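In: coordinates only, sequence not included:
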């Protein structure tokens, strides 16, 4: 299989070998593996790419692929659910059948040097380019037929290589994904696991009987929820995806803007930037002042439970909170108004919220649950990307692909992570306005 596409004026061609299945080195588990309700909310695959520079005096391509394949077989013994396949129960929820079929592994070669490929900066042709560093099973649309993880190792002419991963969100959130990658990398380097995975997800079972103490009406089917006045701003126009860098100076300016009227006494980079982007997006889309705008935030709940989720918990430990407002109020008020809305939304996520969220999904079941398509913000700025050291050092670059529509994703900028890259998609007309609003 081959693919070509231009990136930065250079022609990128990737030749991929036939994919193979990597099974756990030993088979010790059969039967079905329980997925909590937090694992059922986002069911798409997460695609990430890591770029590594050539190792001085390093071995050839065969050595490289052998290390990845053998260490994968070893680590799947500890993370055996990844070698299984999703199954849909009679209750409309997913679980995993531990079939030990394994994960897909693909070797590939590029026709260029690694420095000709940039997976951090998002441009119009980014998806096509970064997509060549990932393997996606052709013709497979049903997630029940897909391996839960796919890995592609692409060797560049310079000796550097890319690791492209696709992992089912039913299995991991960002934190547990990086914990798995760290363990895999430690195995590849011949080291013992720093943290052994905690696979038991039953600690997040729903209460019996369910007890829902928070309103989650916005997650009901479209015909019954009260946010149906929101029209789809993406109809009829080409969608552009852009990357905006907020360095430490710009982030400091935003925080000062948020606190200058004294309403907000303190705020984080995340809340200031999220509020700023929320307001700017409303302006760029030229929303009606009376139109309801909903901001969804993905919140890590590991430390919000009592007791907290154990270290090494392998699964989704996230909940989604909602901030609702009128577009006109967000736009006419100072930035502090939007910052307070974001802060209040995050504060709402406590243990009772999380347990109610789990119970709500239990009552509604998957068939009656939907994630509203308005604007969702997720941050990867605190993920320990540097732990993905398979023996070639830290990744020189890191990027994501196939980001969800109507989303804003925060990625760390540089090794010191002092800046934030915002990745966002908008219709052409709105993107032109949004770009002007980003000039601080």
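Out: Cool, got the structure. Keep in mind that what you see is a predicted model, and the values were worked out from it rather than measured.
In: Residue 137 touches residue 104, doesn't it?
Out: Yes: counting by Cβ atoms under 8 Å, residue 137 does reach residue 104; the two are 7.3 Å apart. Every C-beta, even on glycine, is put in place using the N, C-alpha and C of the backbone.
In: Return every residue with contacts to both of the two.
Out: Shared contacts of residue 137 and residue 104 (Cβ atoms under 8 Å, 6 or more residues apart in numbering): 19, 147, 150.
In: residues of stretch 340-360 that come out buried?
Out: 340-343, 345, 348-349, 353-360 (16 or more other Cβ atoms under 10 Å).
In: what's the offset of it from the middle of its chain?
Out: With Cα atoms, centre = their mean, to the nearest Å as the basis, stretch 340-360 stands 20 Å off its chain's centre.
In: so how far does that stretch reach from one end to the other?
Out: Taking Cα to Cα, to the nearest Å, stretch 340-360 runs 26 Å from one end to the other.
In: any idea of the mean pLDDT in that stretch?
Out: What stretch 340-360 shows for mean pLDDT is 95.
In: So, low pLDDT: which residues of the chain?
Out: 1-11, 57-62, 120-127, 138-141, 217-235, 366-373, 402 (pLDDT under 70).
In: just the helices in it please.
Out: Assigned by DSSP state H, the chain shows helices spanning 61-78, 126-131, 174-188, 248-259, 269-284, 327-332, 335-347, 351-364, 428-437.
In: So what touches the fourth one?
Out: Think helix 248-259. Counting by Cβ under 8 Å, 6+ apart, 246, 264-267, 269, 271-273, 275-276, 334-336, 339, 418-420, 440 sit against helix 248-259.
In: Mind doing that once more with 10 Å?
Out: 244, 246-247, 264-273, 275-277, 334-340, 342-343, 413, 416, 418-420, 438-440 (Cβ atoms under 10 Å, 6 or more residues apart in numbering).
In: List only those of the residues you listed flagged as buried.
Out: So, by 16+ other Cβ under 10 Å, the buried ones in these are 244, 246, 264, 267, 269-273, 275-277, 335-340, 342-343, 413, 419-420, 438.
In: Can I get the shared contacts of residue 137 and residue 104 in a markdown table including neighbour count and distance to residue 115?
Out: Listed next are the shared contacts of residue 137 and residue 104 as a markdown table, based on neighbours: other Cβ atoms under 10 Å; distance: Cβ to Cβ, whole Å:
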| residue | neighbour count | distance to residue 115 |
| --- | --- | --- |
| 19 | 18 | 27 |
| 147 | 25 | 31 |
| 150 | 22 | 26 |
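In: Strands - which of those residues land there?
Out: residue 150 (DSSP state E).
In: Between the helices of the chain, which one is closest to residue 143.
Out: Judged by Cβ to Cβ, the one of those that comes nearest to residue 143 is helix 174-188, at 16.9 Å.
In: between the closest one and helix 61-78, how big is the angle?
Out: With axes from the mean of the first three to the mean of the last three Cα atoms, to 10 degrees defining the directions, helix 174-188 sits at 120 degrees from helix 61-78.
In: residues of helix 174-188 that come out buried?
Out: Buried, per 16+ other Cβ under 10 Å, within helix 174-188: 174-188.
In: of all those residues, which comes closest to residue 387?
Out: Using Cβ to Cβ, the buried residues of helix 174-188 come closest to residue 387 at residue 182, 4.0 Å.
In: What residues does the residue nearest to that closest one when sequence neighbours are not counted make contact with?
Out: Leaving aside its chain neighbours, residue 182 sits nearest to residue 387 (4.0 Å; criterion: Cβ to Cβ, 6 or more residues apart in numbering). By Cβ under 10 Å, 6+ apart, the residues touching residue 387 are 178-179, 181-183, 185-186, 194, 394-395.
In: Turn these into a markdown table, including distance to residue 54.
Out: Shown next, in a markdown table, are the contacts of residue 387 (distance: Cβ to Cβ, whole Å):
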| residue | distance to residue 54 |
| --- | --- |
| 178 | 24 |
| 179 | 27 |
| 181 | 21 |
| 182 | 22 |
| 183 | 25 |
| 185 | 18 |
| 186 | 22 |
| 194 | 27 |
| 394 | 14 |
| 395 | 13 |
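In: with the residues you listed in mind, which one is nearest to residue 90?
Out: residue 179 (31.8 Å).
In: my guess is that closest one meets residue 309, correct?
Out: No: counting by Cβ atoms under 10 Å, residue 309 is not a contact partner of residue 179; they are 11.7 Å apart.
In: quick one: common contacting residues for these two?
Out: residue 198.
In: tell me, how many neighbours does the closest residue to residue 421 other than its chain neighbours end up with?
Out: Among residues not flanking residue 421 along the chain, residue 411 sits closest, at 4.4 Å (Cβ to Cβ, 6+ apart). Burial measure for residue 411: 22 neighbouring residues, criterion other Cβ atoms under 10 Å.
In: And residue 411, how close does it get to residue 27?
Out: 37 Å (Cβ to Cβ, to the nearest Å).
In: for residue 420, same thing?
Out: 43 Å.
In: now swap in residue 80 and tell me
Out: Counting by Cβ to Cβ, the gap from residue 80 to residue 27 is 8 Å.
In: got a list of what residue 358 touches?
Out: 36-38, 40, 204-207, 210, 212, 301, 319.
In: I'd like the distance from residue 335 to residue 255, if you could.
Out: Counting by Cβ to Cβ, the gap from residue 335 to residue 255 is 10 Å.
In: on that earlier part again, farthest-separated two in the buried residues of stretch 340-360?
Out: 340 and 359 (28.4 Å).
In: hang on, the earlier thing: next, show the common contact partners of residue 335 and residue 255.
Out: 264, 267, 272, 276.
In: and the second one, what does it touch?
Out: Going back to what we said before, that points to residue 267. 254-255, 258-259, 273-275, 335-336, 339-340, 342-343.
In: Output those in JSON lines; the columns should cover distance to residue 315.
Out: Output for the contacts of residue 267, formatted as JSON lines (distance: Cβ to Cβ, whole Å):
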{"residue": "254", "distance to residue 315": "34"}
{"residue": "255", "distance to residue 315": "34"}
{"residue": "258", "distance to residue 315": "34"}
{"residue": "259", "distance to residue 315": "37"}
{"residue": "273", "distance to residue 315": "28"}
{"residue": "274", "distance to residue 315": "25"}
{"residue": "275", "distance to residue 315": "30"}
{"residue": "335", "distance to residue 315": "36"}
{"residue": "336", "distance to residue 315": "37"}
{"residue": "339", "distance to residue 315": "31"}
{"residue": "340", "distance to residue 315": "32"}
{"residue": "342", "distance to residue 315": "26"}
{"residue": "343", "distance to residue 315": "27"}
